[in-house]
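Engineer: pasted the sequence and its predicted model underneath.
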Amino acid sequence: MDYQKENSKIIDKWCSEGWKYGQLISHEAYQRALEGNWNVCLTPTKFVPHEWFGDLKGKKLLGLASGGGQQIPIFNALGAQCTVLDYSSKQCESEHMVAQRENYHVEIIQADMTQKLPFPDETFDIIFHPVSNSYIEKVEPVFQECYRVLKKNGIFLGGYDIGIDYAFDNRKGKIRHPLPFNPLADPKLYKECVKNNLGIQFSHTIEEQIGGQLRAGFQLTHLYEDTDGEGLLHEYNIPSYIATRCIKIKIQNCGNLHFHACSYVQSEGSTT
């Protein structure tokens with residue numbers, strides 16, 4: 001099953017039907033960003049703290065599965081040199097439309113993030129990766145590729161569904177599916193997803209997602225939780241998403257274990 005082709009088609013369909021994550025940023029919002037008034041989201045409702053980015057002027061930024069003409073125009077307005085990679089033709093088309101309307105350059109690549117990213121090692125200063133890995137089965141290879149194409153001390157910002165939405169019926173308040181939610185392992189579930197125009201989605205644990213970033217070599221610096229913005233879980237303020245900020249650091253090998261640092265400074269000032 002080439003589930004990625006199925007997903008790219010369904011996202012194109014959602015965009016044609018007015019999907020909120022496929023709606024272009026307005027000219028007015030772009031102008032406000034040029035004046036320094038801006039916000040972007042990695043998860044459904046919370047804005048990413050501006051300090052997570054630092055100064056974007058002149059930085060090479062990759063929007064990974066971040067098409068749609070929403071965030072990338074803002075990063076361009078802040079002075080970043082932007083590339084966006086997305087497998088949806090409609091999302092890529094939206095990026096082109098905003099760039100043409102506002103007269104700026106952006107590199108747009110229609111590609112599948114589950115494959116080797118089409119960039120040399122250490123290309124980017126920042127990767128912005130809003131919630132999207134719920135449409136892929138294996139997340140760790142993506143983190144490894146992000147680590148590869150980031151420069152040393154580069155920043156990786158990601159938004160992630162932690163899985164509870166797949167187990168819980170957010171309207172009826174009932175448990176509906178066991179986890180993990182994986183249509184590729186359950187033909188009946190696959191047919192259900194296709195029939196209901198859900199796309200082929202997958203649940204992923206915190207261990208897979210934060211643990212996967214750490215195993216790739218990233219150092220976690222910040223995180224926050226978020227809700228879906230609607231439904232019973234939101235009404236009861238139960239988080240179902242996380243956003244993380246990581247940086248690329250050099251891994252040092254200490255015997256049989258890999259550590260982000262092999263020494264620490266004691267209170268007396270000596271190093272062990």
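Structural biologist: Alright, I've got the coordinates.
Engineer: could you use CA atoms for every contact and neighbour count after this?
Structural biologist: Fine.
Engineer: all strands of the stretch 151-272 of the chain, in order?
Structural biologist: Counting by DSSP state E, counting those that start in this stretch, the stretch 151-272 of the chain has strands at residues 168-169, 174-175, 218-226, 241-248, 252-254, 257-259.
Engineer: nearest to Ser89, out of the ones you listed?
Structural biologist: Distances from Ser89 to each of the strands of the stretch 151-272 of the chain were compared using CA to CA; the shortest belongs to strand 241-248, at 26.1 Å.
Engineer: which residue sits closest to Tyr3 in space, ignoring its chain neighbours?
Structural biologist: For Tyr3, ignoring the flanking residues on the chain, the nearest one in space by CA to CA, 6 or more residues apart in numbering is Ile200 at 6.4 Å.
Engineer: how near is the one you found to Leu189?
Structural biologist: Between Ile200 and Leu189 the distance, using CA to CA, to the nearest Å, works out to 9 Å.
Engineer: tell me which of the two has more neighbours.
Structural biologist: Neighbours were tallied for Ile200 and for Leu189 using other CA atoms under 10 Å; the higher tally belongs to Ile200 (26 against 16).
Engineer: quick check: Ile126 is in a strand.
Structural biologist: Yes - read with DSSP: H, G, I helix; E, B strand; the rest coil, Ile126 is one of the residues of a strand.
Engineer: ok, now how distant is it from Gly199?
Structural biologist: Taking CA to CA as the measure, Ile126 falls 28 Å from Gly199.
Engineer: same check, this time on Gly58
Structural biologist: Here the distance between Gly58 and Gly199 works out to 37 Å (CA to CA).
Engineer: who's more crowded, these two?
Structural biologist: For Gly58 against Gly199, the residue with the higher neighbour count under other CA under 10 Å is Gly199, and the figures read 23 against 13.
Engineer: residue contacts, the spatially closest residue to Glu225 that is not a sequence neighbour?
Structural biologist: Excluding its sequence neighbours, the residue lying closest to Glu225 (CA to CA, 6+ apart) is Ile242, at 4.4 Å. Shown here is Ile242, whose contacts under the criterion CA atoms under 8 Å, 6 or more residues apart in numbering are Thr43, Gly159, Tyr160, Asp161, Ile162, Leu223, Tyr224, Glu225, Asp226.
Engineer: now do Pro73
Structural biologist: Ile25, Tyr30, Glu95, Val98, Ala99.
Engineer: which SS class is the first one?
Structural biologist: Following three-state DSSP, we place Ile25 in the coil state.
Engineer: phi, psi for it please.
Structural biologist: As for Ile25, its main-chain torsions (degrees, to the nearest 10) stand at phi -60, psi 140.
Engineer: now the third one
Structural biologist: In this entry, Glu95 is assigned phi and psi values of phi -60, psi -40 (degrees, to the nearest 10).
Engineer: my guess is it meets Ala65, correct?
Structural biologist: No - between Glu95 and Ala65 there is no contact under CA atoms under 8 Å: 11.9 Å.
Engineer: so between these two, which is more surrounded?
Structural biologist: Applying other CA under 10 Å to Glu95 and Ala65 shows that Glu95 carries more neighbours, namely 27 against 23.
Engineer: please, which helix or strand holds the closest residue to that one other than its chain neighbours?
Structural biologist: Leaving aside its chain neighbours, Glu95 sits nearest to Gly69 (4.3 Å; criterion: CA to CA, 6+ apart). Per DSSP states H and E: Gly69 is located in neither a helix nor a strand.
Engineer: I am finished for the moment; much appreciated.
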